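1. Provided below are the primary sequence and the corresponding predicted coordinates.
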Amino acid sequence: MLNMSFWLTTKQCRDKTKDVTRRIGWSNLKAGDLVQQVVKGQGLKKGESIEKIHGIRIISTRWEPLKRLTDDLDYGFAETAREGFPEGTPNSWPSVFVEFFCNTHHCVPEKKVNRIEFEYVREEK
């Protein structure tokens, strides 16, 4: 199972309020793939280990410009909620979310990003 870092949205993943993520890469990901959400996957200091959050199953992936969220505000608000930022929370405004994404991923709103929809898988005890 591949590890995918959710450093910036760890709380949303733990709370399972996030079922969409956007990535610059992950072009080989496809529907049905199983992925392990982790807090941080790279840059671990000596003695640190990967902290797992939840297992997820990929439902769909598609490439779209990040600015689609600001070009169509109905879509943008629906998507920021699915990203774990419902109305009234930080980054719930599509323009704020796009700025946050661009600042943390060093890109521009015109950049095509991979929109990844997923579901949480039941964890075996």
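-> Ah, there it is.
2. ok, the residue nearest to the spatial centre of the chain - contacts?
-> With distances taken as CA atoms, centre = their mean, the chain has residue 21 as the residue nearest its mean C-alpha position (2.3 Å). When contacts are counted by CB atoms under 8 Å, 6 or more residues apart in numbering, residue 21 touches 4, 6, 9, 83, 115-116, 118. Heads up, the C-betas are built off the backbone N, CA and C, glycines and all.
3. that's a strand at it, yeah?
-> Yes - assignment of residue 21 by DSSP: H, G, I helix; E, B strand; the rest coil places it within a strand.
4. can you show me the helices along this protein?
-> 10-14, 68-71, 73-82, 94-105 (DSSP state H).
5. of the ones you listed, which is nearest residue 88?
-> helix 73-82 (10.4 Å; CB to CB).
6. residues near the closest residue to residue 111 other than its chain neighbours, how many?
-> Spatial nearest neighbour of residue 111, excluding adjacent residues (CB to CB, 6 or more residues apart in numbering): residue 66 at 5.5 Å. Residue 66 has 23 neighbouring residues, counting by other CB atoms under 10 Å.
7. residue 66 contacts residue 98, doesn't it?
-> Yes - using CB atoms under 8 Å, residue 66 is in contact with residue 98, at 5.6 Å.
8. low-confidence ranges in the protein?
-> Where the chain drops to pLDDT under 70, the residues are 41-44, 124-125.
9. distance from the chain centre to the lengthiest strand in it, please.
-> Criterion DSSP state E: the longest strand present in the chain is strand 52-65. Here the centre of strand 52-65 is set off from its chain's centre by 7 Å, with CA atoms, centre = their mean, to the nearest Å.
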